[in-house]
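**Q** below are the sequence and a predicted model for it; my questions follow.
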Amino acid sequence: MKKVALFNGVMVMAGMALSTQPSRAQQQDFSKVQIKVTKVSGNIYMLEGSGGNIAASVGEDGIVIVDDQFAPLAEKIQAALKGLGITDKPVRFVINTHYHGDHTGGNAPFSTTGSTVIAQDNVRKRLETGGTAGTGGAVKMDVPAAPKAALPVITFEHDVTVHLNGEDIRALHFPAGHTDGDAVIFFPKNNVVHMGDDFVRYGFPFIDVTSGGSVQGMIAAMEKVSSQLPADVKVIPGHGEVSNLDDVRAFVKMLKETSAAVQKAIDAHKTVEQMKQEKILEPWKKWSGDFIDQGKFIETLYSSLTGTKGEFVKHN
Ligand SMILES: [Zn+2]
């Protein structure tokens with residue numbers, strides 16, 4: 001069975017309804033996860049294990065990583081970085097792209113071993129309080145409050161720059177996209193960008209409407225980024241393989257077209273159930289995935305476009 005580890009260590013089984021049957025979600029065995037390291041450009045690497053992609057700047061000043069997957073993988077991630085044989089210096093900074101557990105799960109072990117965690121203001125707030133993540137529909141996940149050691153020590157509202165390894169590493173906040181605390185991280189010298197989960201390769205994206213995300217914000221963020229970055233920038237998505245700006249544009253095009261289809265149905269006073277029955281996203285079915293299928297993406301877009309945070313689905 002195809003499995004996708006996308007959230008808080010819960011394996012999403014193909015075709016399963018995540019929120020309605022949490023007992024079918026199985027906790028992942030992290031002891032079996034191996035960390036794969038790929039050189040993206042210059043001294044920037046991508047690390048894949050389980051959860052969101054990690055970007056790493058590895059050089060004479062030490063190491064900066066973007067996102068840190070899950071706590072049980074922290075030692076393996078550190079070993080993989082050391083195994084490059086470039087530096088014995090530690091991970092000095094961790095920059096979180098957003099608060100989800102598959103991107104911030106390693107914050108506590110990294111900070112207790114000397115790393116400083118940096119994130120947008122709302123990442124800290126959401127980690128501190130916990131809450132609910134979801135599409136405003138069937139995908140709904142409880143997020144427990146994170147321990148103090150997992151909280152970012154440095155936060156920023158709009159942007160921050162980390163000057164290390166001869167590079168001005170820029171973290172830029174884009175409001176209300178995948179969540180309300182997203183940052184895109186650009187490595188200008190090496191011409192690499194980490195998009196966080198504002199851009200993913202697993203199909204229709206999970207947009208955390210319950211945590212302040214919206215499809216409109218995701219479109220705005222990716223359009224702005226693709227218009228401002230160099231045409232040949234290498235793109236590390238939140239999940240999936242290294243990509244380019246054409247891939248980002250194809251993703252944005254799909255987001256715009258599917259949003260228009262759902263908006264048209266909203267204007268015609270159709271309910272979410274009717275939209276699902278009529279399979280209004282069928283023309284984009286190649287984007288339908290194990291995690292977010294057509295029905296769940298209809299719910300996501302409906303929530304985004306109507307400003308609903310979700311309780312409507314229960315009464316459908
Ligand atoms: Zn996420």
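**A** Perfect, thanks for sending it.

**Q** so is stretch 171-183 next to the ion?
**A** No: Stretch 171-183 stays out of contact with the ion when judged by Cβ under 5 Å from the ion, the minimum separation being 5.5 Å. To be clear about C-beta, it is placed using only N, CA and C from the backbone, and glycine gets the same treatment.

**Q** can you report how many residues neighbour the one residue in the stretch 1-150 of the chain that gets nearest to the ion?
**A** Nearest residue of the stretch 1-150 of the chain to the ion (Cβ to the ion) works out as His100 at 3.6 Å. Summarising burial for His100: neighbours were counted as other Cβ atoms under 10 Å, giving 30.

**Q** so it sits right up against Thr179, yeah?
**A** Yes: the pair His100 and Thr179 passes the contact test of Cβ atoms under 8 Å, sitting 7.2 Å apart.

**Q** give me the common contacts of the two.
**A** Residues touching both His100 and Thr179 (Cβ atoms under 8 Å, 6 or more residues apart in numbering): Asp197, Asp208.

**Q** what mean pLDDT does stretch 147-167 have?
**A** Model confidence over stretch 147-167, given as mean pLDDT, is 98.

**Q** may I have it as CSV, with CA atoms only?
**A** The C-alpha coordinates for stretch 147-167 follow below in CSV (Å, rounded to 0.1, in the frame of the first residue of the first chain):
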residue,chain,number,x,y,z
PRO,A,147,7.2,21.6,24.6
LYS,A,148,9.1,24.8,25.4
ALA,A,149,12.3,23.4,23.9
ALA,A,150,10.5,23.1,20.5
LEU,A,151,9.5,26.8,20.4
PRO,A,152,11.4,29.1,18.0
VAL,A,153,13.7,31.4,20.1
ILE,A,154,13.9,34.1,17.4
THR,A,155,10.8,35.1,15.5
PHE,A,156,10.1,37.6,12.8
GLU,A,157,7.0,39.3,11.3
HIS,A,158,7.9,39.8,7.6
ASP,A,159,11.5,38.6,7.0
VAL,A,160,14.8,37.8,8.4
THR,A,161,18.3,37.2,7.0
VAL,A,162,20.9,34.8,8.3
HIS,A,163,24.4,35.6,7.2
LEU,A,164,26.4,32.4,7.2
ASN,A,165,28.7,30.5,4.9
GLY,A,166,29.2,33.6,2.8
GLU,A,167,25.5,33.7,1.9
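
**Q** stretch 287-307: how far from the chain's middle?
**A** Relative to the mean C-alpha coordinate of its chain, stretch 287-307 is positioned 16 Å out (Cα atoms, centre = their mean, to the nearest Å).

**Q** show me what counts as buried in that stretch.
**A** 287-305 (16 or more other Cβ atoms under 10 Å).

**Q** contact partners for the spatially most central residue of the chain?
**A** For the chain, the residue lying nearest the average C-alpha position, counting by Cα atoms, centre = their mean, turns out to be Asp197 (2.6 Å). Shown here is Asp197, whose contacts under the criterion Cβ under 8 Å, 6+ apart are Gly52, Thr97, His98, His100, His103, His178, Thr179, Asp182, Pro205, Phe206, Gly238, His239.
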